[in-house]
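Student: predicted model, plus sequence, below.
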Amino acid sequence: MSKTKKTMKSSQPADQFDRCFLTGCDKVTEWQLPWFVENFKKWMPDAKLSLANFGITEECMKWAKESGDFHSIGEMERRHVPKGWFMKPGAMLGSPYKEICWIDTDCEVCGSLDDIWNHLEPNKIGMVVDEPWTKRYGEKQHNSGMVAFKGKPPILRDWAEQVMLQPERGDQETLHAMTNPILKMAHITDLPNKYNYLRLQFHDGDEVQDKRVVHWTGDKGNEHIRMIMDV
């Protein structure tokens, strides 16, 4: 595949780019951002958090800059994509940090994530197996709500290109479609389920101890987040 241009820019000094947690949103999902940040900072008060701007409103950008919660804010090249999540792989690829953990804004951080860096392997991205979809479709899939890695694994560049050239329903589905079981073993490290416990696992009775992140996926997940925010 051809070389992908890095699209996330920041003005922070290079020596500050050791490791960070990265999230991003557009104007459709920006309502989740204050809720996400509040939970993240509760458990990770000293961790660096970076924001990728997928097309948020001026009001949200003003809040993000004035909040002081973000170590950096990356501006993404505006491309015609049907959903903001297709910009996620490009944001991860273009981020200048040496070690990165992406987290979706519909993820509820409910425990420390300090030890997630211990699971990183060279040239591989770390993801939690999507147990609900794996069970329903009979094929091993990984959930893209959290993605951790160091350096720039080759699969990340291929993924960033594929979501622009031949996207599936979402960025997660695109990654699954472009990797067979052997490629998954070679390029993806299975992270413990506690780092990305999915909403449907409650429904399936799939209990996991010591949850660090609960991922409130889909419309029902959004309803749950809104209910919590309204309390």
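Tutor: Sure thing, it's come through.
Student: quick one, longest strand in the chain?
Tutor: Longest strand of the chain, by residue count under DSSP state E: strand 142-150.
Student: neighbouring strands - and their directions - for that one?
Tutor: strand 99-103 (antiparallel), strand 125-129 (antiparallel) (DSSP bridges).
Student: next SSE downstream of that strand?
Tutor: helix 154-165 (DSSP states H and E).
Student: where do the helices of the protein begin and end?
Tutor: In the chain, the helices defined using DSSP state H lie at 33-43, 58-67, 88-94, 131-137, 154-165, 171-177, 181-187, 199-204, 218-230.
Student: which of those is buried the deepest?
Tutor: helix 88-94 (a mean of 25; mean count of other C-beta atoms under 10 Å). Heads up, the C-betas are built off the backbone N, CA and C, glycines and all.
Student: neighbouring contacts of it?
Tutor: Outside helix 88-94, the residues within contact range by C-beta atoms under 8 Å, 6 or more residues apart in numbering are 4, 6-9, 22, 24, 52, 54, 74, 76, 100, 102, 144, 147, 149, 152, 156-157, 159-160, 163-164, 171, 175.
Student: hmm, back to that, reformat the strands paired with strand 142-150 as TSV; add distance to Thr29.
Tutor: Below are the strands paired with strand 142-150 laid out as TSV (distance: least, C-beta to C-beta, whole Å):
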stretch	distance to Thr29
strand 99-103	13
strand 125-129	20
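Student: reformat those strands as CSV; add mean pLDDT and distance to Arg212.
Tutor: Shown next, in CSV, are those (pLDDT from 0 to 100; distance: least, C-beta to C-beta, whole Å):
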stretch, mean pLDDT, distance to Arg212
strand 99-103, 98, 11
strand 125-129, 98, 10
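Student: and those strands: which comes nearest Ile188?
Tutor: Closest to Ile188 of these, according to C-beta to C-beta: strand 125-129, at 5.7 Å.
Student: tilt between the closest one and helix 154-165?
Tutor: When axes from the mean of the first three to the mean of the last three C-alpha atoms, to 10 degrees is applied, the directions of strand 125-129 and helix 154-165 differ by 70 degrees.
Student: of all the helices of the chain, which one is nearest Asp114?
Tutor: Across the helices of the chain, Asp114 has its closest neighbour in helix 33-43 (9.1 Å, C-beta to C-beta).
Student: the closest one to helix 58-67, inter-axis angle?
Tutor: Computed by the same axes, to 10 degrees, the angle separating helix 33-43 from helix 58-67 equals 20 degrees.
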